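Q: Show me how the following folds:
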Amino acid sequence: MIQLKNVHKAFGPKKVLQGFTLDVPEGETMVIIGYSGTGKSVAIKHIVGLLEPDAGEVWVDGQRVDELPRRDLYALRARIGYVFQFAALFDSMNIGENVAMGLRKQGGLSEAEIRSRVAEALDLVDLPGVEARFPAELSGGMRKRVGIARAIALRPKYILYDEPTTGLDPVTSAVIDQLMVRMREKLGVTGVVITHDMRSAYTVGTRIAMLYEGRVRWQGTIEEIHETTDPIVRQFVEGRAEIEGGHTDEFPAVREPTPGAAA
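A: Sure, this is the predicted structure:
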């Protein structure tokens, strides 16, 4: 289980998370929605220790992430796959090497076992036999699928998806959505998905939480979000420029510093 308890995070004078609290039970896919720049990615980076909270607690499977020694943090990260917004593939490496990177860093596997795990992961995302190709030879959607393959090659318990359908056409986005559903149904992976795409949220999520002004304003099931009367939530899910009452809110962007690379 993933738990974020009253998490606060600021970058200089800009307060991003202001009491963010969220539980992600095992077997669920929790979708975090919210306006661009409100700190959704900031929130999930705390789960793998890429960021540390200024206050509050972050727990995964009974371990407090923000207090783990480095060795234990590395072990935790081996159980958590992270799919970056733009795939974050290394252009100088072929696809096989990109997918194998985490396995080699983790250690303990022979080259034959690594090749087998890479092939298995690529097959699961419907990209068999592309190991020798390079990222520049693939479409944007294919690169996203390679990013998912790299995450699942570690056979993680959890996968964090940071804006997985950003920049993709509707058909390719639907393919990525179905892959995320497949990860939960076939592999039993618990997921956290960051998105502002409600079509995607309804497809992949079992629960939805809305981040607003640094806190979870609302959370519930897909059915419950359709019935909510919360004006801010309704404005977002319906894509309306004005909330009920006739005024428009401004949502200033959050500029996040680039944290050190995960081990």
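Q: residues contacting residue 138?
A: Residue 138 is in contact with 95, 130, 146, counting by CB atoms under 8 Å, 6 or more residues apart in numbering. C-betas here are computed from N, CA, C, even on glycine.
Q: What count of nearby residues applies to the second one?
A: So that's residue 130. Burial of residue 130 is recorded as 19 neighbouring residues (other CB atoms under 10 Å).
Q: what about it, which SS state?
A: coil (DSSP: H, G, I helix; E, B strand; the rest coil).
Q: For it, give me the pLDDT.
A: Predicted confidence (pLDDT) for residue 130: 95.
Q: about what we covered before: just give me the closest of the contacts of residue 138 to residue 181.
A: Proximity to residue 181 was ranked across the contacts of residue 138 by CB to CB; first place goes to residue 146, at 18.5 Å.
Q: Ramachandran angles for the closest residue to residue 43 other than its chain neighbours?
A: Leaving aside its sequence neighbours, residue 43 sits nearest to residue 20 (CB to CB, 6 or more residues apart in numbering; 5.7 Å). With angles defined as degrees, to the nearest 10, residue 20 sits at phi -70, psi 120.
Q: tell me the contacts of residue 20?
A: By CB under 8 Å, 6+ apart, the contact set of residue 20 is 4, 6, 7, 8, 9, 39, 43, 56, 211, 214, 215, 216.
Q: Could you list which of those residues belong to helices?
A: Among the contacts of residue 20, DSSP state H puts residue 43 in helices.
Q: For the contacts of residue 20, could you give me CSV that also reports pLDDT, neighbour count and distance to residue 135?
A: Putting the contacts of residue 20 into CSV (pLDDT from 0 to 100; neighbours: other CB atoms under 10 Å; distance: CB to CB, whole Å) gives the following:
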residue, pLDDT, neighbour count, distance to residue 135
4, 97, 23, 32
6, 97, 14, 40
7, 98, 27, 34
8, 98, 15, 37
9, 97, 24, 32
39, 93, 25, 29
43, 96, 28, 28
56, 97, 18, 37
211, 96, 24, 31
214, 96, 21, 35
215, 96, 15, 38
216, 97, 18, 35
